[in-house]
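In: let's see this in three dimensions:
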Amino acid sequence: MGSGLTLILIPLFLYVTPVVLLCVKIADRTSWKIGWLFAAALILAPAALLTIGGLYDSGVW
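Out: The predicted structure is shown next:
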């Protein structure tokens with residue numbers, strides 16, 4: 001029953017963990033604003049692309 005949630009959470013964890021570490025490293029070298037900018041771009045852009053791809057594949061779009 002919970003296998004669908006596992007299929008989402010494990011890849012999400014494996015993606016978000018290195019991205020967060022990268023954004024903290026960027027923020028340490030530049031500023032926290034740039035770190036947040038990179039974090040938003042690296043996390044939200046793939047989510048948007050997956051959502052658009054899923055809508056296109058299902059025939060909604």
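
In: from S3, how far off is the residue positioned nearest the centre of the chain?
Out: Central residue of the chain (Cα atoms, centre = their mean): I43, 2.8 Å from the mean position. For I43, the distance to S3 equals 24 Å [Cβ to Cβ, to the nearest Å]. C-beta: built from backbone N, CA, C; applies to glycine.

In: what are the buried residues along the helix or strand hosting L7?
Out: Per DSSP states H and E, L7 falls inside helix 3-29. Going by neighbour count (16 or more other Cβ atoms under 10 Å), the buried part of helix 3-29 is 23, 26-27.

In: okay, now the unreliable bits of the protein?
Out: For the chain, the stretches flagged by pLDDT under 70 are 1-2.

In: and L37, how close does it get to T6?
Out: 31 Å.

In: next one: D57
Out: For D57, the distance to T6 (Cβ to Cβ) stands at 22 Å.

In: what does K33 give?
Out: The gap separating K33 from T6 is 35 Å, by Cβ to Cβ.

In: let me know the helix or strand that V60 is in.
Out: With DSSP H and E as the criterion, the answer for V60 is that it lies in no helix or strand.

In: list the contacts for it?
Out: Counting by Cβ atoms under 8 Å, 6 or more residues apart in numbering, V60 touches no other residue.

In: ok, now A27?
Out: For A27, the contacting residues are 34-36, 38, by Cβ under 8 Å, 6+ apart.

In: repeat for L22
Out: By Cβ under 8 Å, 6+ apart, the contact set of L22 is 38, 42.

In: re earlier: CSV for the buried residues of helix 3-29, including distance to L12?
Out: Formatted as CSV, the buried residues of helix 3-29 follow (distance: Cβ to Cβ, whole Å):
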residue, distance to L12
C23, 16
I26, 21
A27, 21
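
In: out of those residues, flag the one nearest to I52.
Out: Proximity of those to I52 (Cβ to Cβ) peaks at C23, which lies at 23.4 Å.

In: packing partners of the helix or strand harbouring T51?
Out: Using DSSP H and E, T51 sits within helix 32-58. On a contact count with 3 or more Cβ pairs under 8 Å, 6 or more residues apart in numbering; DSSP states H and E, helix 32-58 meets helix 3-29.
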